[in-house]
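Undergrad: I would like the atomic coordinates for the input below:
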Amino acid sequence: MLALKTSLVLIQFGLGLEVTLEDLTYLFKRPGLLLRSLFSMNIAMPLFAVVLVLAFKGLHPAVKVALVTLAVAPIPPILPKKAVKAGGRSSYMFGLLVGSGLLSILFVPLAMELLEIVFQTPLQMSPLAVAPLVLIGVVVPLAAGMAVHRFAPRLADRLAKPVSLVATLLLVIAILPLFFAARGAIGSLIGNGTLTAIAGFVLAGLTFGHLLGGPDSGDRIVLGLSTAARHPGVALAIADANFPEQRTLIMAALLLYLLVNAIVTIPYQISMKRRHSKTAAGAVGR
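TA: Take a look at the predicted model:
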C-alpha cells in the first residue's frame, strides 16, 4: 500500500513537471464543455450505477458498493497519459483532473446523502475526509511539479521521464502483489453477472463521455475515458467509512474493476486514436 500511494503521488508530480497554468485553466474558460463534463461524470454515471445495481439483484453486495462508490469518485491520477496517448487534448485532460478532484470534496458528501435516500442505508463521507485524499493525492504533488516546471524548466525536462519511469515501476510493484493476495476474494465475486455489470459500467462511461465530449474527437477521448475510469483509492475510502467489515471484498471488487476497465477500454482507445490521427492528417493536408 505504501508503494501504491507513493507511486500515485510520483505520477502526479511527474505530470506537474509538464503542466502549465494555462492547461489547468483551459476547461474553466469553456463553460459549455465544463458543464457537459460535469454532467457526464457526476450525474449520468452515478445515476447509471444506481440503476445497474438495482437491476442486477444477484450481484454481491461488495460489487454493488464498489460500483456506486466508483461512480462518485474523481478521475484517477494514472489516466492523463493514457488519454493523451490516445489523442486527447492534454490541456482538457489536466483541467478535468484537477477540477473533478476539487469538486469531489463537496460532491462526494452530497452524493452520499442522496444515495442514503435511494438505498435507505445510513451513509457518510465528510468533506474533511475527502479533502486530504484529493489534496495529498492530486493537488499538492501536481502543484509541486508545476512549480519546478515554472522556476526550473530545464530541471523539469530532465526529471520528467525518470520520475514517470520510477512511478510506473512502483505502481506495478504495488499492484501485482495486491492482485495475487486478493485472487481468492476476486474469484469468489465472479458470477451472478459480476463481469457483465462491471463491463457495462465501463462501457456506459465511455458512451456518456463520447456523446457529451462535443465535436472534437480529442475531447471525446478524454471525457469518454475519464467517465469510465474512476479513482479506486477514493472509492475504497468511501467504502471504508461506511462498510468497513467488507473491506477485503470491496478491495477485490475494485481490483476486478481495474482489470475489466483496462481490457474493455483497449478497443475504444485504438479506434479513437486511429480516427484522431486521420482527422489530424486531413487537417494538415488541407
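Undergrad: now the longest helix along the chain, how far from the centre of its chain.
TA: Among the segments of the chain that qualify as a helix by DSSP state H, the longest is helix 247-285. From the chain centre to the centre of helix 247-285 is a distance of 12 Å (C-alpha atoms, centre = their mean, to the nearest Å).
Undergrad: cool, stretch 124-143 as well?
TA: 14 Å.
Undergrad: so who does L212 touch?
TA: Shown in contact with L212 (C-beta atoms under 8 Å, 6 or more residues apart in numbering): R36, S37, F39, S40, A44, L223. Using the backbone N, CA and C atoms, a C-beta is placed for each residue, glycine as well.
Undergrad: separate out the buried members of those.
TA: R36, S37, S40, A44, L223 (16 or more other C-beta atoms under 10 Å).
Undergrad: roughly how far out does the helix or strand of the chain with the lowest mean pLDDT sit from the chain middle?
TA: When each helix and strand of the chain is scored by mean pLDDT, DSSP states H and E, helix 79-85 comes last, with a mean of 78. Remark: helix 79-85 is offset 11 Å from the chain centroid, using C-alpha atoms, centre = their mean.
Undergrad: cool, and stretch 178-190?
TA: With C-alpha atoms, centre = their mean, you get 22 Å for stretch 178-190.
Undergrad: and for stretch 202-213?
TA: That offset, for stretch 202-213, works out to 13 Å (C-alpha atoms, centre = their mean).
Undergrad: tell me the mean pLDDT over that stretch?
TA: Taken as a whole, stretch 202-213 has a mean pLDDT of 95.
Undergrad: buried residues in it?
TA: V202, A204, G205, L206, T207, F208, G209, H210, L212, G213.
Undergrad: kindly format the C-alpha coordinates of it as PDB.
TA: Taking Å, rounded to 0.1, in the frame of the first residue of the first chain, the C-alpha atoms of stretch 202-213 are listed here in PDB:
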ATOM      1  CA  VAL A 202     -17.200   0.900 -18.100                       C
ATOM      2  CA  LEU A 203     -19.000   0.900 -21.500                       C
ATOM      3  CA  ALA A 204     -21.600   3.300 -20.100                       C
ATOM      4  CA  GLY A 205     -18.900   5.700 -19.000                       C
ATOM      5  CA  LEU A 206     -17.200   5.500 -22.500                       C
ATOM      6  CA  THR A 207     -20.600   6.100 -24.100                       C
ATOM      7  CA  PHE A 208     -21.700   9.100 -21.900                       C
ATOM      8  CA  GLY A 209     -18.300  10.800 -22.300                       C
ATOM      9  CA  HIS A 210     -18.000  10.200 -26.000                       C
ATOM     10  CA  LEU A 211     -21.500  11.600 -26.700                       C
ATOM     11  CA  LEU A 212     -21.100  14.600 -24.400                       C
ATOM     12  CA  GLY A 213     -17.500  15.400 -25.400                       C
END
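Undergrad: residue ranges in the stretch 151-286 of the chain under the pLDDT threshold?
TA: Residue ranges of the stretch 151-286 of the chain with pLDDT under 70: 276, 279-286.
Undergrad: what's the closest of the contacts of L212 to V130?
TA: S37 (19.3 Å; C-beta to C-beta).
Undergrad: for the strand or helix carrying the closest one, name the packing helices and strands.
TA: For S37, the host element (DSSP states H and E) is helix 31-39. Judged by 3 or more C-beta pairs under 8 Å, 6 or more residues apart in numbering; DSSP states H and E, the packing partners of helix 31-39 are helix 90-119, helix 194-212, helix 217-228.
Undergrad: pick the most deeply packed of these.
TA: helix 217-228 (a mean of 27; mean count of other C-beta atoms under 10 Å).
Undergrad: much appreciated, bye for now.
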